[in-house]
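J.: Got a sequence here, can you model it:
(3 chains)
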Amino acid sequence: MVLQDCPHDGMETVFFFEYLRYLNQKYNANIKKVAVVYIDNEYGVHAAQMVKEKVKDFPEFSLVADVKYPVNATNVDIEVQRIKSARPDAIFHASYIGDMTMFVKKYKEFNVVPKVVLSYCGGYQDPQFVVNLGKDADYFSGTNATTSALFAKMPILSRINEMYKAKSGVDIDGPTLEDFASALVIAEAINIAGTTAPEKVLEVLKNHTFDAPYFVSEKIKFGPDGQNVYSASVMTQIFNGIYEAVWPEQYQTHEPVPQFPDWNKR
Amino acid sequence: MKKTPLLVILAILLILPLVVKDVNFQHVMLMTLMFAGLGEAWNIITGFAGQTSFGHAAFFGIGAYTSTVLFYKFNVSPWVGMILGALFAGTVAFLVSYPCFRLKGHYFAVATLAVAEIIKQLFVSWDYVEGATGISIPVVSDSFWAMQFHRSKIPYVLIAYGLFVFVLFVTLAIERNKMGYYLKAIRESHEAAEALGINTARYKLLAMVISSMLTALFGTVYAQYILYIDPFMVFGLDVSMKIVLLTVLGGLGNVYGPIIGASILIPLSEYTRTLLGGTGKGFDLMIYGILIVVVVLFEPRGILGLLRKRSRGRLNYGKSTA
Amino acid sequence: MSMLAQLVVTGALIGSVYSLVAVGLTLVWGLMDILNFAHGDFMMISMYTVFWLYALLKWDPLVSLPIAALVAAMIGLLTYKLVIKRVLNAPGLMALLATFGLSLFIRNFAQFLWSPNYRFVGESILSGNKLMIFDVIVGLPQLVAALGSIGMTFAVALFIKKTKFGKAIQATAQSREIAELMGVDTEKVYMFTFALSGICVGVAGTLLLGIFPVYPESGAMYGLLAFVIVALGGFGNIWGAFYAGIMIGLAETIGGFYLGTQFKYAIAFLIYLLVLQFRPKGLFGW
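T.: From the prediction side, this is the model:
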């Protein structure tokens, strides 16, 4: 049985749509048309499938473009042309750092100005994203397991980061935090079971709700399929090169901005 | 003259995996047998007929996908799927080769490459076969009917061995048959062959169809062994190139070539990977690449050329050309 | 209509760079009948050269262009001397085998040295700028890349056609023996051609760096397309490679836009198959 603490892209997709709903409610963002742009491999195709499936649960949104591009593409020119002609309000990206960077440059060149761009775990979350693009990376959004902006708000997370930074020299990032969570959960399960006997530990893992004060979701509980039912994600948006937490509200470090500025006004 | 060394080699290939209990070794043997068989199949169109194909992965993949889809959607035994896969591959080969055969030499080679890439893209985009996500073959307990064995690799090795012997048999039959002579005549000079009254179109087509069908058989075995396939794995250029490379290395146009080439190249790649691959720094592939270059520089006429040089005065059968 | 115009322009721009890569390949293939599998990887090495000069010394890629060309030329030369020379008389596919091994080595050596991360040149003289021609958007890096590639192709073609050494190359391509009898130093011809092939990809790679990342596999797709373009244009034919490259670029953009972006390369390959039905030796082959 595989127990997974980080959300799968079905949950991420729902998270994306709920965030869009929040933006519409709180900021009158008027987001209606969604485009999904994805790389043609298992990662991208599966994310896109989830989008096509879950959009039905959010009838206020409609899918206006489905843009799939080959692995190792030499350019993303026609993809961006397709996206532009569909005029989406929100763009969902399942892209790696190489293609994502090319997309951002092309959006700038073709003057594609959406309201929101949300990224699955890929290029956006890569530390090179801000390095490659500088100011052009601002206003993009995506889900992270955590971000350095949250250290001030979450004391336990901050303490964990201090320990990590002492050993590694850099701030802890999302994937590393998820690994850390896994180790912590197993340790706690063993403590609760009082033994390392696999069946007993598995019992605890399957039934217990673990405290996770370093995640925005605060808890970890594995459902019958082994998936953590709580979405261990926080929606971030880049401002001045920093991944600010914008949603859920109680962990906000910066208000979300549901509109890209014109490219030459950055 | 040719039979004894071949029988000895076949005996060794059979006994080795049975006596050496190391599982890793058995895996390497399996891969070697498979690729040697793929090389023999490829030799028919390239070595004998002189039409270089860079796209044989297309047939390999068709074999893999046919048996896999039939099994996981319709519960058809992979053995049946294997035969159907071969037929499907043969049909595709027929349809595709006919227009391509008017191309010669490099143009034909690039055309085969193009065909394989197009087929790969079609499968990537085809939802019915799960596209880019690939298919995980449903695991069942050890069963001959389902061609799945979990307790030991030996059954897989034996199946690969059996197929290899079969392909060898077909290859030798073609070589001894007038078809073999016709193909070699076509290879040496298309025009001369035509002048002699050989129906070059028919024989090239026949060679391609046979070659493709044999290639597809191994696709099924591979799928059943790995229990997961996706278009990138089975239709990829690296599969096509591996087949090309090991046959060229061993010696083109000769039945021993693929055996020698596979016996060197496959263990080389597998062992460099297990020994050095763990660091993720690509050492294993660096060494593998260098060693390929070194081997080629050492004997630019292929290993067989090296061996033939040693036994001077022998008839130059199966002369290597491309 | 402006949608189509944009596609045509974009396709031509992309295709021009493909052409330059193909020109480098067709020189070697046409002259020596050698399939250089590592051709795309030479491009990758020159791209890394330019990248590091940018990252460490802040040199704009255009400034590093001559150095990148030189590095690629040297690698071409080295490859010829150490590897190709020994397999010239061997069956053609042996060279493929050798260059395949070389390609594997170069890619993984690059990965070992510089990690598989994708590197971009963030700020260059050209980046972020664009022109508007009626309704069509033309990015400046793309335009410069295309013009540079066309210029280079022109230069190479002129060289081969008009100069004395160029004629020596043509002669050697027709028949090495006879060229030697005529007093041509064919060894020099071979060396030079390999170096020239490197220069072509060195220039192409540098021009691409403004719009495309460098990573160990960055030459792979360009290399693959170059093979098809060379065949489409006719082996050894420089202008053939040029027109074929543009054709493939257009097939990619127009075909990809209307038939599905995920098929854009498959469509390019299909164009090759279709054209060769009517011209079995490529557009200009003989």
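J.: Now do the end-to-end distance for stretch B:97-104.
T.: 12 Å (Cα to Cα, to the nearest Å).
J.: With stretch B:43-62 instead?
T.: The first residue of stretch B:43-62 is 19 Å away from its last residue (Cα to Cα).
J.: Which residues of the stretch 1-150 of chain B lie near chain C?
T.: Along the stretch 1-150 of chain B, the residues adjacent to chain C under the rule Cβ under 8 Å from any Cβ of the partner chain are B:52, B:99-100, B:102-104, B:106-107, B:110-111, B:113-115, B:117-118, B:121-122, B:124-125. C-beta here means a position set from N, CA and C on the backbone, and glycine is covered the same way.
J.: go with 7 Å
T.: The stretch 1-150 of chain B has residues B:52, B:99, B:102-103, B:106-107, B:110-111, B:113-114, B:117-118, B:121, B:125 near chain C, with proximity defined as Cβ under 7 Å from any Cβ of the partner chain.
J.: Quickly list the domain ranges of chain A.
T.: Domains of chain A are assigned by automatic domain parsing as A:10-145+A:232-265, A:150-220.
J.: how near is A:N191 to A:R82?
T.: Taking Cβ to Cβ, to the nearest Å as the measure, A:N191 and A:R82 are separated by 53 Å.
J.: higher neighbour count, these two?
T.: For A:N191 versus A:R82, the count of surrounding residues by other Cβ atoms under 10 Å in any protein chain shown is larger for A:R82: 22 against 11.
J.: how many neighbours does the closest residue to the more buried one other than its chain neighbours have?
T.: What sits nearest to A:R82 in space, not counting adjacent residues and going by Cβ to Cβ, 6 or more residues apart in numbering or on different chains, is A:V67, at 5.2 Å. A count of neighbours around A:V67, defined by other Cβ under 10 Å, yields 24.
J.: Tell me which residues of stretch A:130-142 come out buried.
T.: Of the residues in stretch A:130-142, those buried by neighbour count under the rule 16 or more other Cβ atoms under 10 Å in any protein chain shown are A:V130, A:N132, A:L133, A:D136, A:A137, A:D138, A:Y139, A:F140, A:S141, A:G142.
J.: ugh, typo on my part, it should be stretch C:142-152
T.: For stretch C:142-152, a neighbour-count test (16+ other Cβ under 10 Å) marks C:Q142, C:L143, C:V144, C:A145, C:A146, C:G148, C:S149, C:I150, C:M152 as buried.
J.: Let's see which of those residues end up in helices.
T.: For the buried residues of stretch C:142-152, the ones inside helices are C:Q142, C:L143, C:V144, C:A145, C:A146, C:G148, C:S149, C:I150, C:M152, with DSSP state H as the criterion.
J.: out of those residues, who's nearest chain A?
T.: Closest approach to chain A among these (Cβ to the nearest Cβ): C:Q142, at 8.4 Å.
J.: Could you list which residues are in contact with the closest one?
T.: C:L13, C:I211 (Cβ atoms under 7 Å, 6 or more residues apart in numbering or on different chains).
J.: Below-threshold pLDDT in the chain: ranges please.
T.: In the absence of a named chain, this looks at chain A. A:1 (pLDDT under 70).
J.: Correction: the question concerned chain C.
T.: Residues of chain C that meet the criterion pLDDT under 70 lie in C:286.
J.: near chain C too, which of the buried residues of stretch A:130-142?
T.: Within the set of the buried residues of stretch A:130-142, contact with chain C (Cβ under 7 Å from any Cβ) is found for A:N132.
J.: before we move on, the earlier item: need the three-state assignment for the residue nearest to A:R82.
T.: The local conformation at A:V67, judged by DSSP: H, G, I helix; E, B strand; the rest coil, is strand.
J.: check contacts around A:K219.
T.: With contacts taken as Cβ under 7 Å, 6+ apart, A:K219 has the following neighbours: A:T209, A:F210, A:D211, A:A212, A:Y230.
J.: For the first one, the count of nearby residues, please.
T.: The one in question is A:T209. The burial metric for A:T209, expressed as a neighbour count using other Cβ under 10 Å, is 11.
J.: what's near enough to touch it?
T.: Taking Cβ under 7 Å, 6+ apart as the definition of contact, the neighbours of A:T209 are A:K219, A:K221.
J.: Recalculate using a threshold of 8 Å.
T.: A:K219, A:I220, A:K221 (Cβ atoms under 8 Å, 6 or more residues apart in numbering or on different chains).
J.: Quick check: phi and psi on A:V246?
T.: Note on A:V246: its backbone torsions stand at phi -120, psi -10 [degrees, to the nearest 10].
J.: which bits of the stretch 201-322 of chain B sit near chain C?
T.: Residues of the stretch 201-322 of chain B lying near chain C (Cβ under 8 Å from any Cβ): B:237, B:241, B:244-245, B:248-249, B:252, B:281-283, B:285-286, B:288-293, B:296-297, B:300-302, B:320-322.
J.: Okay, and which of those residues map to strands?
T.: By the criterion of DSSP state E, membership of these in strands covers no residue at all.
J.: Any of these buried? List them.
T.: Applying the neighbour count, that is 16+ other Cβ under 10 Å, the buried entries in these are B:237, B:241, B:244-245, B:248-249, B:252, B:281-283, B:285-286, B:288-293, B:296-297, B:300-302, B:320, B:322.
J.: For chain A, tell me which of those residues show up nearby.
T.: Cross-checking these against chain A (Cβ under 8 Å from any Cβ) gives no overlapping residues.
J.: Please, where are all the strands along chain A?
T.: Secondary structure of chain A (DSSP E): strands located at A:33-39, A:62-69, A:90-94, A:116-119, A:141-144, A:210-211, A:219-220, A:234-239, A:242-247.
J.: Mind putting these into JSON lines with distance to A:A197?
T.: Below are the strands of chain A laid out as JSON lines (distance: least, Cβ to Cβ, whole Å):
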{"stretch": "strand A:33-39", "distance to A:A197": "43"}
{"stretch": "strand A:62-69", "distance to A:A197": "48"}
{"stretch": "strand A:90-94", "distance to A:A197": "41"}
{"stretch": "strand A:116-119", "distance to A:A197": "42"}
{"stretch": "strand A:141-144", "distance to A:A197": "36"}
{"stretch": "strand A:210-211", "distance to A:A197": "19"}
{"stretch": "strand A:219-220", "distance to A:A197": "22"}
{"stretch": "strand A:234-239", "distance to A:A197": "36"}
{"stretch": "strand A:242-247", "distance to A:A197": "40"}
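J.: Among the ones you listed, which comes closest to C:E217?
T.: Comparing these by their distance to C:E217 (Cβ to Cβ), the top pick is strand A:33-39, with 14.5 Å.
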